[in-house]
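> Need the 3D shape of this:
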Amino acid sequence: MKKFLALFLIIFSIFNLTACSMKNNSLKKEVTVWTLQMGDFSDYMHKVINSYEKTHPNVAIKWVDVPFSEGEKRTLAAVMTDNPPDLINLNPDFSALLAQKGTLEEIPLINTASFNQEIINVLMHNDKLYSIPWYATSAITIYNKNIFNKAGFTNEPRTYDELAAIADVIKTKTRTYAYLPTITENDTMVKILNKYGVANPLDFNSKESIKVFKMFKTLYDKDLIPPETITMTHREALEQYMAGKIVFYQGGANFLNLIKENAPSVYMQTDVIEQFKGDIGQNDISVMNFVIPKRAKNKKEALEFCLYLTNEDNQLELAKMTNVISTNNSALNNAFYHDYSDLMSKARSISAKQINNIMPQLKQRRNQKEINTQVNNTVQTILLNKDTVENSLNKLVKSLKEMDF
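Residues are numbered from 1 along each chain as shown. Alright, predicted model coming up:
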């Protein structure tokens, strides 16, 4: 009888504990978080999630990592349902499109005081904020100082105009191209125009725009930039740099690792400076952010977790693993971003400094890809002498006026 009673008490205790556990789990709010291509950093994500859940016992974070190529398609389908993810990692362009469609929750500005305010301004849509910045990247200029010095120069060019002005001397004295501008790749030319104050597609035939197109046409006609300029991507331009065929290359600081691994002799000759600027002196950046769908069930908890994931400590830890740039002001003030002790540290510090000078930033249109395509086709038309600069740009603007922005 005693054995039976003891066994009964054990079974009852187990049942009671299980029931309590099930009850506690049922009381938790499950917050679904989607990220883009973060699978390689799963240990980091799980660490942040576990740390958050310990201090928020009423919340369970369900993390789903989405392939980058599927992000927009899956997000668009999800936000139209009655049960979308609570927090979604996107790029600002697609976030703006969703904001235009009225599918995103507005983020109170009071929650953004800890972030770089220029980035917050870039993310604003119609004077309202619908996203929280996670991390940023900002291209730098990587250059072969040996070839540059061989050409007789010591002061590096800081603008596209200054670079164009010395391209002839570099080619003559070193038999090397100054650079390979990938001006028909994605939105490269549009971003360059933005650096000259041309932000509205309907101004693509302005005097500033004509000046930029004529600059590249002159370089192309004089064989001061490679013929492949009208077809090559930034990865192919990097290969040209590693082969010692161009002096300047613009790209992320992470490309230094590729140069070091694949062209160690070129890496030994490499230095870095800020990215090239235009007339108004601002820099390009790329940002990844989080949005909260308007139909999300756990908006409050989603915002709280987002602010935790993007706080100083968590952003710094991610930056040290990936070389991305933090968007949190306290993280940006960390010594990690003020270190010039080696080439990688110098590149990272320059890149971080650039996000303090990014306005005015180009506002992406909902049909931006089509705009980019038309601009890139116009670049090819001009460089291949199929029409004059003025005529080509007037035709471009006429075509863009027929589009619905």
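> Which strand residues bridge the spatially most central residue of the chain?
Geometric centre of the chain, nearest residue: S286, 2.5 Å, by Cα atoms, centre = their mean. Bridge pairing for S286 (DSSP bridges) gives the partners T137.
> Model confidence for it, exactly?
In this model, S286 is scored at 91, pLDDT.
> Over to I14?
Value for I14, per-residue pLDDT: 50.
> Also K29?
In this model, K29 carries a pLDDT of 94.
> What of N323?
For N323, the predicted pLDDT is 83.
> what residues are up against it?
Residues near N323 by Cβ atoms under 8 Å, 6 or more residues apart in numbering: 252-254, 344, 348. C-beta: built from backbone N, CA, C; applies to glycine.
> cool, and N357?
118, 281-283.
> That one and E228: what is the separation?
With distances taken as Cβ to Cβ, to the nearest Å, N357 is found 31 Å from E228.
> swap in S69?
26 Å.
> How about S326?
From S326 over to E228 (counting by Cβ to Cβ), the distance is 36 Å.
> More neighbours: which of these two?
S326 (29 against 14; other Cβ atoms under 10 Å).
> Contacts only, for that one.
135-136, 312, 315-316, 318-319, 332, 334, 337, 352.
> Skipping its backbone neighbours, what lies nearest it in space?
Q315 (4.1 Å; Cβ to Cβ, 6 or more residues apart in numbering).
> can you give me the helices for the stretch 251-400 of the chain?
Using DSSP state H, counting those that start in this stretch, the helices of the stretch 251-400 of the chain run over residues 255-262, 264-267, 299-309, 312-322, 329-332, 343-354, 368-383, 389-401.
> I'd like those helices written out as CSV, with distance to V198 and mean neighbour count added.
CSV is the format used below for the helices of the stretch 251-400 of the chain (distance: least, Cβ to Cβ, whole Å; neighbours: other Cβ atoms under 10 Å):
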stretch, distance to V198, mean neighbour count
helix 255-262, 27, 16
helix 264-267, 34, 14
helix 299-309, 34, 20
helix 312-322, 32, 18
helix 329-332, 29, 19
helix 343-354, 20, 20
helix 368-383, 11, 19
helix 389-401, 11, 17
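> Any idea which of those helices gets closest to K222?
helix 368-383 (11.8 Å; Cβ to Cβ).
> quick one, the closest one and helix 389-401 angle?
With axes from the mean of the first three to the mean of the last three Cα atoms, to 10 degrees applied, the angle from helix 368-383 to helix 389-401 works out at 160 degrees.
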